[in-house]
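> Just a sequence and a predicted model for now, questions to come.
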Amino acid sequence: MGLSICYQIVTEKHGGELLVQSEPNQGTQFIIKLPIRQTTPTSSSHSS
């Protein structure tokens, strides 16, 4: 995938961040940060 598509998926679809850190003669790091969301059970998943 292209970097722009990855950026869109991470930021728009998942509400995360895509960061880049680059140092000459050292290399480049791509950092992906995604939020952790706790899912709450729906009423249909509760047993009575």
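Received, thanks. Residues are numbered from 1 along each chain as shown.

> helices and strands of the chain: which one has the lowest mean pLDDT?
In the chain, the helix or strand scored least confidently by mean pLDDT, DSSP states H and E is helix 3-8, which has a mean of 92.

> buried ones in that one?
Tyr7 (16 or more other C-beta atoms under 10 Å). All C-beta atoms are positioned from the backbone trio N, CA, C, and that covers glycine.

> Next, the contact list for the spatially most central residue of the chain, please.
Taking C-alpha atoms, centre = their mean, the centroid of the chain lies closest to Leu34, which sits 3.4 Å from it. Counting by C-beta atoms under 8 Å, 6 or more residues apart in numbering, Leu34 touches Val10, His14, Gly15, Gly16.

> State the pair within those residues that is farthest apart.
Val10 and Gly15 (8.7 Å; C-beta to C-beta).

> which of the contacts of Leu34 lies closest to Gln26?
Distances from Gln26 to the contacts of Leu34, taken by C-beta to C-beta, are shortest for Val10, at 23.7 Å.

> That closest one: how many residues sit nearby?
Neighbour count for Val10, taken as other C-beta atoms under 10 Å: 17.

> Now do the same for it: helix, strand or coil?
helix (DSSP: H, G, I helix; E, B strand; the rest coil).

> I figured it was touching Phe30, is that so?
No - counting by C-beta atoms under 8 Å, Val10 stays clear of Phe30, with 10.1 Å between them.

> pLDDT value on Arg37, please?
Here the pLDDT value assigned to Arg37 is 75.

> now do Ser44
For Ser44, the predicted pLDDT is 55.

> Need the overlap of contacts for Val10 and Phe30.
Leu18.
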